[in-house]
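Chemist: Here is my input; please provide its structure:
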Amino acid sequence: MPASEWVYRGAVEQSEGLRAGELDAVELTEAYLARIGALDGQLRSFITVLGDEALEAARRSAERLRAGAPLSRLDGIPFAVKDQMLVEGVRVTGGSRVLANFVGERDATVVRRLREAGAVLLGTLNTHEFHSGMTRDPLFGKTRNPWNLERSPGASSSGSAAAVAAGLCSFSLGGDTGGSIRAPASYCGVVGVKATWSRVSRDGVIPLAYSMDCVGPLARRVEDTALVLEHLAGADPLDPTASRLPVPSYVEDLTSDLAGLRVGVITEMLDPAVIQPAAIAATEAAVTVLRELGAAVVPVSVPLLHQTRFISVALIMAEAASHHRKWLLERYEDYDVNTRTNFLTGALLPAGALGQAQRMRSLVARQVMGCLEEVDVLVGPTADAAFPLQPRDSLPLREEVRASLRMPAMASGPQTRVFSLSGHPSLSVPCGFDPDGLPLGLQLATRHFDETTLLRVAHAYEARTPWHTRRPAFIGAT
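Modeler: As a prediction, the model looks like this:
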């Protein structure tokens, strides 16, 4: 079988093919580079492509595989990372003119761990400016959704989701502060995992909001994200916030038996005032599948869910303003108009408002933890289907500030922010399509550091449904 026919296989399946000699690491890398060259002009998912470097890494992998000495199950598997993570000797911009010429002096911990496992880095992926969303004029163009080039691929990890969905890499890394892994995964029909806050090191990762930022994998199959997360997670002396808890073998714990599992459906996530009928119907159908797999299903409530947009925007923008203070003073005009307005909003918030937001965040976390005392996993829609890409005019500063503070519950907002505020692990797995043929995602969440259950439930659901087998129909995708 030619390598070009392997590009849509999962990373785990590719790994098995490499070790069995059915697939060559160099040929697989060449196949992805050829697709990037042919298709990414439409998608704009990549910022920097490391063609020569990737081929050299693939040759080394091929030699190890022929010798029967792979470094890991990821040896020879091509991946790409959001342009948020340091890569030694490579331009890493955060999608901003402020860092347009910045070159990493070392690898971020997550990049280093994957390279040490033998994975082949293809390049860096497009993102909203400094991962804050709502960029009006992206420095490297707007990433487009492979399922419909006139639709959004999601929030700041847009390139990470689009590249996986389009078959331009085996898996990718994204960043998630309020949903920026899970929402793009949902929009693009792939799997995206945000582990427990602190489970994965943020060393060498350009921050947005330090108290909520997470790094995680996006891939075509749940088992692929489980394998990647095994390599990402764990203590890191370069990140004092990284958890020192042992990392289990997530792949070995994947099963299809959910007998005795208790599933809580969050009623506020099915509110037709904030989520479209297609997403509600897809979620309800997914819950039926979980019942058929042996799970007991009950309704649960997170009453503050719809207030999370006020809590989240205040905390994120205040933390972002603190990090960017020096650059905002020195290079104000180099920021996108929407980014700098959002960050200035954070700088202007009074201490009393931030204190109130922190107290509300604690209440949200308490409500989520209360639900998880009664059930093992929480479910709901990840987001509506992808919305149309439209030009966005800038507003006068006063109106922009007001809009930032009163940001509507668009797309994924309240669905994903709640688990960012509470720090719980959550993921999005494909669960269907809307009437326009756009992907929909099911969001799951579990107790802190219980990624094992999170991945096990998602894997069991995925194995019973066909959604992960679908491919976008844009030119060259089949």
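Chemist: Could I get the pLDDT score of residue 215?
Modeler: The confidence metric pLDDT takes the value 98 at residue 215.
Chemist: for stretch 188-195, which positions count as buried?
Modeler: Along stretch 188-195, these residues count as buried under the neighbour rule (16 or more other Cβ atoms under 10 Å): 188-195. Just so you know, the C-beta spots here come from the backbone N, C-alpha and C atoms, and that holds for glycine as well.
Chemist: roughly how far out does it sit from the chain middle?
Modeler: When distances are taken as Cα atoms, centre = their mean, to the nearest Å, stretch 188-195 is centred 5 Å away from the chain's centroid.
Chemist: Now that stretch - C-alpha only, CSV.
Modeler: The C-alpha coordinates for stretch 188-195 follow below in CSV (Å, rounded to 0.1, in the frame of the first residue of the first chain):
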residue,chain,number,x,y,z
CYS,A,188,-13.3,20.1,12.1
GLY,A,189,-14.5,16.6,13.0
VAL,A,190,-11.5,15.3,15.0
VAL,A,191,-10.7,14.5,18.6
GLY,A,192,-9.2,17.1,20.9
VAL,A,193,-8.1,16.6,24.5
LYS,A,194,-7.6,19.2,27.3
ALA,A,195,-6.2,17.3,30.2
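Chemist: so residue 443, which of the three states?
Modeler: Judged by DSSP: H, G, I helix; E, B strand; the rest coil, the three-state class of residue 443 is strand.
Chemist: repeat for the one 5 residues further on
Modeler: Following three-state DSSP, we place residue 448 in the coil state.
Chemist: any idea how far it is from residue 229?
Modeler: Distance, residue 448 to residue 229, by Cβ to Cβ, to the nearest Å: 15 Å.
Chemist: next one: residue 276
Modeler: As defined by Cβ to Cβ, residue 276 lies at a distance of 30 Å from residue 229.
Chemist: Residue 387 too?
Modeler: 29 Å.
Chemist: Repeat that for residue 294.
Modeler: Separation of residue 294 from residue 229 (Cβ to Cβ) stands at 25 Å.
Chemist: among the buried residues of stretch 188-195, which are in strands?
Modeler: In strands, judged by DSSP state E, the following of these are found: 191-194.
Chemist: Turn those residues into a markdown table, including distance to residue 115.
Modeler: Putting these into a markdown table (distance: Cβ to Cβ, whole Å) gives the following:
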| residue | distance to residue 115 |
| --- | --- |
| 191 | 22 |
| 192 | 22 |
| 193 | 20 |
| 194 | 22 |
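Chemist: From what I see, residue 39 and residue 165 are in contact.
Modeler: No: contact criterion Cβ atoms under 8 Å: residue 39 and residue 165 do not qualify, at 11.3 Å.
Chemist: circling back: from the buried residues of stretch 188-195, which single one is nearest residue 256?
Modeler: Within the buried residues of stretch 188-195, the smallest distance to residue 256 is 16.2 Å, found for residue 191 (Cβ to Cβ).
Chemist: residues contacting that closest one?
Modeler: By Cβ atoms under 8 Å, 6 or more residues apart in numbering, the contact set of residue 191 is 185, 218-222, 224-225, 427-430, 458, 462, 468.
Chemist: if we go to 7 Å?
Modeler: For residue 191, the residues meeting the contact criterion (Cβ atoms under 7 Å, 6 or more residues apart in numbering) are 185, 218-222, 225, 427-429.
Chemist: Same check on residue 58?
Modeler: Counting by Cβ under 7 Å, 6+ apart, residue 58 touches 25-26, 29, 76, 120.
Chemist: What separation is there between it and residue 464?
Modeler: Shown here: residue 58 relative to residue 464, a distance of 35 Å by Cβ to Cβ.
Chemist: Extract the residue ranges of the chain that are flagged as low pLDDT.
Modeler: For the chain, the stretches with pLDDT under 70 are 391-412, 474-478.
Chemist: Tell me where it has strands.
Modeler: Along the chain, counting by DSSP E, strands occupy 46-49, 78-82, 120-125, 171-176, 191-194, 214-219, 262-266, 296-300, 377-381, 426-433, 439-445.
Chemist: Need the nearest residue in space to residue 349, chain neighbours excluded.
Modeler: Sequence neighbours aside, residue 318 is the residue nearest to residue 349 in space, at 5.5 Å (criterion: Cβ to Cβ, 6 or more residues apart in numbering).
Chemist: what about the one you found, how many residues close to it?
Modeler: Under the neighbour criterion other Cβ atoms under 10 Å, residue 318 is assigned a count of 20.
Chemist: ok, now which ones touch the closest residue to residue 185 other than its chain neighbours?
Modeler: Leaving out its chain neighbours, the residue that sits closest to residue 185 by Cβ to Cβ, 6+ apart is residue 192, at 2.8 Å. Residues in contact with residue 192 (Cβ under 7 Å, 6+ apart) are 161, 174, 181-182, 184-185, 216, 218, 427-428.
Chemist: Likewise for residue 128?
Modeler: Taking Cβ under 7 Å, 6+ apart as the contact definition, residue 128 lies against 95, 135, 138, 155-156.
Chemist: Tabulate those residues (JSON lines), appending distance to residue 63 and neighbour count.
Modeler: Written out in JSON lines, the entries for the contacts of residue 128 read as follows (distance: Cβ to Cβ, whole Å; neighbours: other Cβ atoms under 10 Å):
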{"residue": "95", "distance to residue 63": "36", "neighbour count": "31"}
{"residue": "135", "distance to residue 63": "42", "neighbour count": "24"}
{"residue": "138", "distance to residue 63": "39", "neighbour count": "17"}
{"residue": "155", "distance to residue 63": "39", "neighbour count": "30"}
{"residue": "156", "distance to residue 63": "37", "neighbour count": "32"}
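Chemist: Make TSV out of those residues and add distance to residue 313.
Modeler: TSV is the format used below for those (distance: Cβ to Cβ, whole Å):
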residue	distance to residue 313
95	20
135	16
138	21
155	13
156	14
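Chemist: can you give me the helices for this protein?
Modeler: For the chain, the helices defined by DSSP state H occupy 11-20, 25-43, 51-66, 109-116, 158-165, 182-188, 222-232, 277-292, 308-330, 337-348, 351-374, 397-405, 413-422, 451-464.
Chemist: nearest to residue 86, of the ones you listed?
Modeler: Between residue 86 and those, the tightest spacing by Cβ to Cβ is seen for helix 109-116, at 6.9 Å.
Chemist: The residue nearest to residue 185 bridge partners, please.
Modeler: With DSSP bridges as the criterion, residue 192 is bridged to residue 218, residue 428.
Chemist: going forward, begin numbering at 242 instead of 1
Modeler: Taking 242 as the first residue, the last one we looked at is residue 433.
Chemist: That one and residue 414, how far apart?
Modeler: Distance check for residue 433 against residue 414: by Cβ to Cβ, it reads 10 Å.
Chemist: just to revisit the earlier point, with residue 417 as the reference, measure out to the residue nearest to residue 426.
Modeler: To residue 417, residue 433 is 8 Å away according to Cβ to Cβ.
Chemist: Equivalent analysis for residue 386, please.
Modeler: Look at residue 386 and residue 417: by Cβ to Cβ, they are 18 Å apart.
Chemist: Can you get me a residue count around residue 445?
Modeler: Residues near residue 445, counting by other Cβ under 10 Å, number 24.
Chemist: Check the one 3 residues further on too.
Modeler: For residue 448, the count of nearby residues is 20 (other Cβ under 10 Å).
Chemist: ok, residue 689 and residue 470, which is more surrounded?
Modeler: The residue with more neighbours, out of residue 689 and residue 470 and counting by other Cβ under 10 Å, is residue 470; that gives 24 against 20.
Chemist: pretty sure that one contacts residue 492?
Modeler: No: the pair residue 470 and residue 492 fails to qualify as a contact (Cβ atoms under 7 Å) at a distance of 9.2 Å.
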